[in-house]
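In: with the input below, show me the fold.
(4 chains)
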There are 2 protein chains.
Amino acid sequence: MSPLVESFVRHFGEMGSRWGINRTVGQMYAYIVLADEPVNADELAAELRVSRSNVSMGLKELQSWNLVRLKHIPGDRKDYFVAPEDVWEIASTLINERRKREIDPTLTVMRELLMDTPSSAADRHAQNRIKEMYQLIEMLTQWSAEMQKLSPKQISRMLKLGAGVSKLLG
Amino acid sequence: MSPLVESFVRHFGEMGSRWGINRTVGQMYAYIVLADEPVNADELAAELRVSRSNVSMGLKELQSWNLVRLKHIPGDRKDYFVAPEDVWEIASTLINERRKREIDPTLTVMRELLMDTPSSAADRHAQNRIKEMYQLIEMLTQWSAEMQKLSPKQISRMLKLGAGVSKLLG
DNA sequence: TCGTTATTTCAGAAATTACTGAAAATTAAG
DNA sequence: CTTAATTTTCAGTAATTTCTGAAATAACGA
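Out: The predicted structure is shown next:
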């Protein structure tokens, strides 16, 4: 692993551990993303100096997140993995998976709590706050879903426009 | 704690632990956000059944994230805490703090790696990937910064418009 | 089929993170 | 200044998460 790749991999390991992802899985993904050809499990174990079994578990996790795709190489029995070419696709996958695992269940819980009959003034206040949060999260979620229907090019254009749109709307 | 509040607090404890935040701190914040009056440390310790010292550390963390504000109550020596009234402000704070702690350092590392002279074809490929990610992250960051300058009302309007803006731009 | 190569599983060990109780420090009132 | 109330610190412990090696399973070709 070149120093350049190693720095990046190290950094993403640290960052990963601040999110739900563990250090090794973060490093594995960073390595796969930067690689210019498909990567196999033995290579990951050797380069990152972790056990083969750890790599196996990490790859399973990355696959469950749809962040890597299995790619077979003719004449080679090993499994090889690649990350999507398009960084927008990676971002999009991350957003979708986090929504599925975190946002959706949260919205469900909130929706249920909003159905309950409040049993005190404090409960009524709590429900109000939950409602505000619910509406905020739902709005952001719907916006992001709509954006994802656009092409990366279109999304770029919109984002670059930024708050400028506000003026455009008068 | 009413069943309603307890469900919410429980859920946010679980969710918090999927992000960098630990379960107890997540629960503490959920409790403070829903409370209809300022909350003190003893109340948190009692309601969440954790030690007073744990609460103290958790509150320090929430303060370092700017997610709670200290509020004194006349005639009471205890420290009381509140969360911002406006949920947009909470979201905004979360975004800003995460940017400071995670995005900015990441962009710095990437910028440095892009300055390096690649020492192989693989390195050149890696640099390209890093560049793509850099540009994507920067674009999203700038967009979010611009949006935050608008009022919550304006942001709402824009988000509700969603991809509709795309047509508007032709 | 058998033998070889590759991957997965999983119980226990190692590492990390969270939590507690006791003591120290801080704060404010008298 | 003294005392009492409150908060913080921190060393040790508990709980959780991550990682490993060994064994099991699967995949394939001869």
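In: from now on I want contacts and neighbour counts done on CA atoms only, so please keep to that.
Out: Will do.
In: next secondary structure element downstream of the helix ranked longest in chain A?
Out: Longest helix in chain A by number of residues (criterion: DSSP state H): helix A:121-149. Next helix or strand after helix A:121-149 toward the C-terminus (DSSP states H and E): helix A:152-161.
In: ok, the residue lying closest to residue A:17 once chain neighbours are set aside - contacts?
Out: Here the nearest residue to residue A:17 in space, its sequence neighbours aside, is residue A:23; by CA to CA, 6 or more residues apart in numbering or on different chains that works out to 5.1 Å. Residue A:23 makes contact with A:12, A:13, A:14, A:15, A:16, A:17, according to CA atoms under 8 Å, 6 or more residues apart in numbering or on different chains.
In: which of those residues count as buried?
Out: Buried subset of the contacts of residue A:23 (neighbour count, 16 or more other CA atoms under 10 Å in any protein chain shown): A:12, A:13, A:14, A:15, A:16, A:17.
In: from the residues you listed, which land in helices?
Out: Using DSSP H, the buried ones among the contacts of residue A:23 in helices are A:12, A:13, A:14, A:15, A:16, A:17.
In: so which of those residues comes closest to DNA strand C?
Out: Within those, the smallest distance to DNA strand C is 6.5 Å, found for residue A:17 (CA to the nearest atom of the strand).
In: identify the residues contacting the residue minimising distance to the centre of chain A.
Out: In chain A, the residue lying closest to the centroid (CA atoms, centre = their mean) is residue A:94, at 2.1 Å. For residue A:94, the contact set (CA under 8 Å, 6+ apart) comprises A:65, A:67.
In: what angle do the helix or strand containing it and helix A:152-161 make?
Out: Using DSSP H and E, residue A:94 maps to helix A:87-98. Orientation note: helix A:87-98 sits at an angle of 80 degrees relative to helix A:152-161 (axes from the mean of the first three to the mean of the last three CA atoms, to 10 degrees).
In: orientation of helix A:87-98 relative to helix A:121-149 in degrees?
Out: Using the same axes, to 10 degrees: helix A:87-98 against helix A:121-149 is 150 degrees.
In: what is the subsequent helix or strand relative to the host helix or strand of residue A:57?
Out: Applying DSSP H and E as the criterion places residue A:57 in helix A:52-64. Next in sequence after helix A:52-64, counting helices and strands by DSSP H and E, comes strand A:69-72.
In: each with direction, which strands does that next one pair with?
Out: Using DSSP bridges, strand A:69-72 pairs in its sheet with strand A:79-82 (antiparallel).
In: from the chain's centre, how far out does the strand it pairs with sit?
Out: Chain-centre distance of strand A:79-82: 19 Å, with CA atoms, centre = their mean, to the nearest Å.
In: thank you, goodbye.
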